[in-house]
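In: have a look; sequence and predicted model below, questions after that.
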Amino acid sequence: MWWGPRRRVWPVSVTVSTPVYEGPFDLLLNLILREEVELYEVSLSSIVDAYLAELENLGACDLEVTTEFLLIAAILLELKTRRLLPTDDRFDVDDEFGLWEERDLLLARLLECKTFKDAAIQLRRLAADASLSWPRRAGLEDAFLHLAPDLLAGVSPVDLRDAGRRALAPKPVFHIDTEHIAPIRVSVADAVRDMVAEIPHEGTVTFKSLTVGMTDRIAIVVRFLAVLELFKQGLVEIDQVDTFGDIHVSWLTGADLADIDLIDVYEG
Amino acid sequence: MGDEAVIGEDDDIRRAIEAILMVSIDPVAPNLLAQLMEMPTRKVEAICSSLADEYEAEGRGFVLLRVGGGYRFQSHPAQAAWVERFVLEGQHSRLTSAALETLAIVAYKQPISRNQVSAIRGVDVDTVIRTLQQRGYIEVVSTDPGPGNALMFGTSQGFLESMGIDKVSDLPSLGDFVPGPELVEALERGLLAEPDVVELEAEVGGEAEGGSDAEVPVDDRT
Amino acid sequence: MGDEAVIGEDDDIRRAIEAILMVSIDPVAPNLLAQLMEMPTRKVEAICSSLADEYEAEGRGFVLLRVGGGYRFQSHPAQAAWVERFVLEGQHSRLTSAALETLAIVAYKQPISRNQVSAIRGVDVDTVIRTLQQRGYIEVVSTDPGPGNALMFGTSQGFLESMGIDKVSDLPSLGDFVPGPELVEALERGLLAEPDVVELEAEVGGEAEGGSDAEVPVDDRT
C-alpha cells in the first residue's frame, strides 16, 4: 500500500507555518475541498505553480513546506501514474478492490486529519481565552516558609549530579543540507516535448538514458509520466524485460508526429 | 439558630479557603481542602463555587477558577489589557498550527506514542513533540509494554492550566469535530479513483462509505 | 452626575489594580500603579486603601497589605492556623525533576544569572528560581558587572545543609559526560535522518517561553 511502511515520513518543523500546507493530508484536503476538484484532475503543473506562488508570498524559501510539498507531489504522481496506466481489458477484481481499499484508507486518513485540525482550532480558542487570565504565583508568605517541609529531603548529592548531567547534556545538533532543495520547474508537457524531439532519432532508448544526469526525483518521475503519456497516445512501445530492469522505449514507426497532442497543461 | 450556626461555619470555611488559595502557587484540589477542613469535598466545591460567583457579582478584578484539577486565584480575563501592561514580557507565546494539531492528537488519543502521532499527522513529529514537551504541554506518561517499549505521551497539568480546563474530559468531545456527511461526500468525490466507472462507483461507493465510518476517529475515551 | 462618572472610573481602576496585585509576585509600588493607570499616586493609594478596608469589612480570608514599599495580597493573619495546616499537611514534599535540574544548574554553574539558566533549560525558569530562592536553596550572590547588571545566583548555606555537605566543591563531579539513552536515541535519529531533515533546535529553545507551567517545582498530584 503506498502509504504503508515504505512511505517516507518527513520531518515537520514547529516554527514554520503557512496558511496553505501543513502536511500532506492537509494539502490533499485543501486540494479536494477548497479547489473542489477531483484529485485525478489536478494538474501537477498547476499545483507547482500554486506552490511557487505561495513561496513567493512567504518571501523566503521555506524548507519545511518544500519537503512536504515534494512528498505530496510524489503521492499525487503515484496516483496519477495509476490512472494513466491503460486499463486491462481482463478486469482484475483483486486489483480493483485493492484500489478501492486504498481509497477508503486515504479517505479515513483525510477525515482523521480534518477532525484533529478542527479540534486544534478549538484548542487554540481555549488557550487564547485562558491566556487572558494570569494565575497567582506569589506563593507562600515569608511567615510560613519555615514550616514548609524540606523539598530536598531524600535528594542525595548524586541525585543532584544526575540532574545536572541531564540538564547540561549537549543537545543534539543536526546538520541541515538544503542544497538539493530547488524550486520544481519540471512539467510533463515539457518532458513530452523533449522526448518527441529525441526518441524518433534514436529509435529505441532506455529510460535510464532519458533521465541521465537527473538527480531530482520529481524530475525523473515527471519523465516517467511523460513516457506513459506517449504510450497512451500510441506513439511509443514500452518494454521492461526484468522486474526493476531498465525500461526500453521504442518509437513506433509510422507514428505521425503531427498527431501528437502536445499537451499544454498536463491533465493526467 | 441552627441555621445561623451553619452559616457561621461556612463563613469560616470560606475565609480559610480564601487564605489558603492566596498562598498556593498551584491549583488546590478540592479534596485536599476537604481533608484539611475535615468536611465533604462536595461542600468545599459548593463553597468555592459560591465564592467564585461572589467575586464575579462584585465585579472584582480577579476570579476564582477551577482549573487543572483544583481552585486557583487568577486575574479576571476582562483585565487582560492591564495585566499585560504590567507583565511586560508576553507570557503566552502562540503555538503553530502544526504543534496545535499534534497537541490535539496527544490530548484526545493519550496515551499515544510518537510513532502513532506521526502516522496520524503523516509527517515526522519529533521536533514538535519535543517542543510540546519542553513547553510543558505534554509529558511521558507511561512506557508501552509491547515490543520496542515506546514512550507513551499524554497531556500534563500545564496543558490543563493553559487551556483553562479542569480535566482532560472537559475538552470538547472529539465527536464534535468529526466531519459531517457533506464533507465526507466531497472527499469521496475528490478521491474517485475511476471517474469513468460510474456503475462501479455507485455500488462500491456506498460500501466505501460504510467502511470509512469505521475509520472515522472516534473518541476512544468514551 | 460628575460624581457618578468618577465613581464608575474608580471602579474600573479598582478592578485593574485587583487584577495586577493578584498576579504580582512582589509588592507593587503605588507609583508604578499610578504610572500604568496614568493617574496621581495619591489616587491609587486612596483606592488601594479603600480596597483593603472593603476586604476587611467583608470578612475576607485575605488582606491587601502595604508592605515593603508596595501593595500585596496576603492571607489574613486570623487564618494563619489554616495556612499552616495547608503548608504542613497539604504541601507537596518534593521538587519535580525540572526544578531539581534547575537547582543543579545553579549549583554547578554558580554564579549564574536567571537568563543563563533559562538558556540552558530551554524554558522560562522564573517561577522555579523564585521558589528555590524562597525556600532558601539559592540566593543572589552577586551582580553581574556587565550591562544590565543581572543578578547572579548561587546556592545557600541552607542548600549545603539539606544536601548534607560541607561546601559546594563537595558535590560529586559532573565528570565526563555520559549521554543518556534519550540523547543517544536523538543523536541516532539525527544521524540516520535524511539529509532533508529540518531540525530547528535553536528555534525550539527560542520559542520555549511560557513553559514555566511545566516547571512548577512541586508535585501536587501526590
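Out: Happy to help now that I have it.

In: tell me which element residue B:148 is part of?
Out: Under the assignment given by DSSP states H and E, residue B:148 is not contained in any helix or strand.

In: residues in contact with it?
Out: Listed by C-beta atoms under 8 Å, 6 or more residues apart in numbering or on different chains, the contact set of residue B:148 is empty. Glycine gets a C-beta too; all of them are placed from N, C-alpha and C.

In: measure it to chain A for me?
Out: 15 Å (C-beta to the nearest C-beta, to the nearest Å).

In: and that residue, its phi and psi?
Out: Main-chain torsions, residue B:148, degrees, to the nearest 10: phi 90, psi -20.

In: check contacts around residue B:62.
Out: Contact analysis of residue B:62 by C-beta under 8 Å, 6+ apart lists A:136, B:55, B:73-76, C:18-19, C:22.

In: from those, which land in helices?
Out: B:55, C:18-19, C:22 (DSSP state H).

In: mind putting these into JSON lines with neighbour count and pLDDT?
Out: Output for the ones in helices among the contacts of residue B:62, formatted as JSON lines (neighbours: other C-beta atoms under 10 Å in any protein chain shown; pLDDT from 0 to 100):
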{"residue": "B:55", "neighbour count": "17", "pLDDT": "97"}
{"residue": "C:18", "neighbour count": "24", "pLDDT": "97"}
{"residue": "C:19", "neighbour count": "27", "pLDDT": "96"}
{"residue": "C:22", "neighbour count": "26", "pLDDT": "95"}
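
In: show me which of these neighbour chain A.
Out: By C-beta under 8 Å from any C-beta of the partner chain, the members of the ones in helices among the contacts of residue B:62 lying near chain A are C:19, C:22.

In: which one of the ones in helices among the contacts of residue B:62 is nearest to chain A?
Out: Minimum distance to chain A across those is 5.4 Å, recorded for residue C:22 (C-beta to the nearest C-beta).

In: pop out the phi and psi values for the closest residue to the closest one other than its chain neighbours.
Out: Leaving aside its sequence neighbours, residue C:22 sits nearest to residue B:62 (C-beta to C-beta, 6 or more residues apart in numbering or on different chains; 4.3 Å). Backbone torsions for residue B:62, taken as degrees, to the nearest 10, come to phi -130, psi 170.

In: returning to that earlier point: what's the farthest-apart pair in the contacts of residue B:62?
Out: Using C-beta to C-beta, the contacts of residue B:62 span at most 13.0 Å, a distance reached by A:136 and B:55.

In: check the residue lying closest to residue B:157 once chain neighbours are set aside and give its pLDDT.
Out: Leaving aside its sequence neighbours, residue B:157 sits nearest to residue B:68 (C-beta to C-beta, 6+ apart; 5.2 Å). In this model, residue B:68 is scored at 91, pLDDT.

In: what's the distance between residue B:68 and residue A:135?
Out: The gap separating residue B:68 from residue A:135 is 9 Å, by C-beta to C-beta, to the nearest Å.

In: tell me if I'm right that residue B:34 and residue B:40 touch.
Out: Yes. Counting by C-beta atoms under 8 Å, residue B:34 touches residue B:40, with 6.3 Å between them.

In: more neighbours: the two, which one.
Out: Neighbour count, other C-beta atoms under 10 Å in any protein chain shown: between residue B:34 and residue B:40, residue B:34 has more, with 16 against 12.

In: how about that one, nearest residue that isn't a chain neighbour?
Out: Nearest residue to residue B:34, sequence neighbours excluded (C-beta to C-beta, 6+ apart): residue B:41, at 4.1 Å.

In: test my guess that residue B:33 contacts residue B:44.
Out: Yes. Residue B:33 is in contact with residue B:44 according to C-beta under 8 Å; the separation is 4.6 Å.

In: which residues are in contact with each of those two?
Out: Taking C-beta under 8 Å, 6+ apart as the contact rule, residue B:33 and residue B:44 both touch residue B:17.

In: same drill for these two, tell me which one is more crowded.
Out: Neighbour totals were compared for residue B:33 and residue B:44, and residue B:33 leads with 26 against 23 (other C-beta under 10 Å).

In: now do the SS call for that one.
Out: Secondary structure, DSSP: H, G, I helix; E, B strand; the rest coil: residue B:33 is helix.

In: might you report the residue contacts of it?
Out: By C-beta under 8 Å, 6+ apart, the contact set of residue B:33 is B:17, B:20, B:41, B:44, B:48, B:71.

In: residue ranges with poor pLDDT in the stretch 151-268 of chain A?
Out: Applying pLDDT under 70 to the stretch 151-268 of chain A flags the ranges A:170-186, A:215-218, A:243-244, A:254-268.

In: quick one, strands of it?
Out: Per DSSP state E, counting those that start in this stretch, the stretch 151-268 of chain A carries strands over the ranges A:204-206, A:236-240, A:247-251.

In: do the same with chain B
Out: Assigned by DSSP state E, chain B shows strands spanning B:62-67, B:70-75, B:112-113, B:138-143, B:151-155.

In: deepest in the core, which of those strands is it.
Out: Highest mean neighbour count of the strands of chain B: strand B:70-75, a mean of 26 (counted as mean count of other C-beta atoms under 10 Å in any protein chain shown).
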